[in-house]
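Visitor: Would you be able to build a 3D model of this:
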Amino acid sequence: MNKRWYSTIRVRLTVHYAMALLVAGAILIALLYGYLAHTFDGQLVAQRHNGFERTPAELAEIRDHILSAMLTVSLVSLGVVAVAAAGIGWWMAGRALRPLHQITATARRVADRNLHERIALDGPNDEIKDLADTFDGMLERLDRSFDGQRRFVANASHELRTPLTLNRTLIEVTLDDPDAPAQTRQLGTTLLAINQRHERLIDGLLTLASSEQALSVREWVDLAEVVRHVLASIDARVETNLRPALVSGDPVLLERLVTNLLDNAVRYNLPESGQVGVRTRMVNGNAELIVDNTGPVIAAYDIPGLFEPFRRLPDTERQAGQGTGLGLSIVKAVAQAHHGDVTAAPREGGGLSVTVRLAG
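Guide: As a prediction, the model looks like this:
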């Protein structure tokens, strides 16, 4: 028997209902049997005193026959009633647990970042409704908290973009001046690179904030076409095996997901004789994107930290260059926004293989 099916509350309640009825019925039959036996014994004694024509053995046989028939009919009736009670108990347990199923279904949908939904359970003010109302209150507080966090990140990022854009313009104007000294040009080039890194960081924060919200745009996108588009702007040799992989989602966010994966693979690849590969395909109705590269040896226990913002392995700091530390965290957020997931595994000999699965 399936262990999970057997351990459900509904099954346990049904078994308890049936067992309670069986025990009560068995007690009732035992009391009835004892009462009838005592009554028959009294009747037999009275009939013997009154000179009843049947012998005591015949009277005892009649008594035993009647009691046996009564016991058989009672046990059969108890079995029939027990089966009916199990069915009724199953139905009653289902009705009693229906609000819990509603709460569970809502919790699963909320887990997919739909914090705006509420249970709004109707019915009597019992313990289950109290649980549902408490859960709704928790969702309300979480919704306000996440909305405030996203608004803060978005507003702060927008506010920071303006001075960075102004700085970049001033630096570019200085570098365009033919009379600028060489030392000034060198300083301007360094400042421009730093400014560009900050712009990418802010752009990454905006993408991360937007990907944590419900998707406002959904279109059918072929990940294979997105990969081809991104590869056109990457100056690196990448081995490809691209098959159609359709997914319903936001084209901009999906392009950012592919860009970040390929950028990470190229950035942390071995400088010499390194390899980068990308594959797309459909697996069981889901779109799958796999990007792998050669590179430094990565321990399996270090992989979960790679998907956290601003986390890098110590051995990869030098290779990070102008990276923002948000690459894989954005990939994870975009995948989750599309009801998908992302996993990574170390490759034998060094490097990483990242797999993104999105609902097709």
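Visitor: Count the residues that sit near T174.
Guide: 15 (other C-beta atoms under 10 Å). In this view, the C-beta of every residue, glycine as well, is placed from N, C-alpha and C.
Visitor: Now for it: which residues touch it?
Guide: A180, T184, G188 (C-beta atoms under 8 Å, 6 or more residues apart in numbering).
Visitor: Just the closest of the residues you listed to M19, please.
Guide: Checking those against M19 with C-beta to C-beta, the nearest one is G188 at 84.1 Å.
Visitor: how far away is R256 from A335?
Guide: Distance from R256 to A335, counting by C-beta to C-beta, to the nearest Å: 11 Å.
Visitor: correction: L262
Guide: Between L262 and A335 the distance is 15 Å, computed by C-beta to C-beta.
Visitor: so S353 bridges to which residues?
Guide: Beta bridges link S353 to D292, A345 when assigned by DSSP bridges.
Visitor: right, and it touches R347 too?
Guide: Yes. The criterion here is C-beta atoms under 8 Å, and S353 meets it with R347 at 5.4 Å.
Visitor: which neighbours do those two share?
Guide: By C-beta under 8 Å, 6+ apart, the residues touching both S353 and R347 are D292.
Visitor: and the contacts of T174, which of them are in helices?
Guide: T184, G188 (DSSP state H).
Visitor: so how far is stretch 168-186 off the chain centroid?
Guide: Stretch 168-186 has its C-alpha centroid displaced from the chain centroid by 52 Å (C-alpha atoms, centre = their mean, to the nearest Å).
Visitor: neighbours around L31, how many?
Guide: 10.
Visitor: Same check on the one 3 residues further on?
Guide: Residue neighbour count, defined by other C-beta under 10 Å, stands at 10 for G34.
Visitor: how about low-confidence regions in the stretch 101-250 of the chain?
Guide: 111-114, 154, 157, 204-205, 208-216 (pLDDT under 70).
Visitor: Give me the pLDDT value at R312.
Guide: Listed pLDDT for R312 reads 64.
Visitor: Same check on the one 3 residues further on?
Guide: At D315 the predicted local distance difference test score is 58.
Visitor: try D341
Guide: 92.
Visitor: and it, how far is that from T104?
Guide: In terms of C-beta to C-beta, D341 sits 21 Å off from T104.
Visitor: With R168 instead?
Guide: Using C-beta to C-beta, one gets 51 Å for the distance from R168 to T104.
Visitor: And R63, by the same measure?
Guide: 58 Å.
Visitor: Please apply the same query to N269.
Guide: Counting by C-beta to C-beta, the gap from N269 to T104 is 45 Å.
Visitor: More neighbours: which of those two?
Guide: N269 (22 against 11).
Visitor: Let me see the confidence value for that one.
Guide: Value for N269, per-residue pLDDT: 88.
Visitor: Is it located within a strand, as I assumed?
Guide: No. Read with DSSP: H, G, I helix; E, B strand; the rest coil, N269 is coil and lies in no strand.
Visitor: Contact partners for it?
Guide: N269 neighbours (C-beta under 8 Å, 6+ apart): A236, Q275, V276, N293, T294, G295, G351.
Visitor: For it, which non-adjacent residue is spatially closest?
Guide: Nearest non-adjacent residue to N269, counting by C-beta to C-beta, 6 or more residues apart in numbering: N293, 4.6 Å away.
Visitor: dump the residue contacts of that neighbour.
Guide: A265, V266, Y268, N269, G274, Q275, V276, G277, R347, G351, L352.
Visitor: In helices only, show me the residues you listed.
Guide: A265, V266.
Visitor: now, the most widely separated pair of the contacts of N293?
Guide: The largest separation in those, counting by C-beta to C-beta, is between V266 and R347 at 15.3 Å.
Visitor: So which residues of the stretch 101-250 of the chain form strands?
Guide: 219-222, 239-242, 246-249 (DSSP state E, counting those that start in this stretch).
Visitor: hang on, the earlier thing: just the buried residues of the contacts of N269.
Guide: Q275, V276, N293, T294, G295, G351 (16 or more other C-beta atoms under 10 Å).
Visitor: Pretty sure G349 is one of the things the fifth one touches, is it not?
Guide: No. Look at G295 against G349 with C-beta under 8 Å: they stay out of range, at 9.6 Å.
Visitor: Which segments of this structure make up each domain?
Guide: 3-111, 128-211, 219-359 (automatic domain parsing).
Visitor: just these: most buried one?
Guide: domain 219-359 (a mean of 17; mean count of other C-beta atoms under 10 Å).
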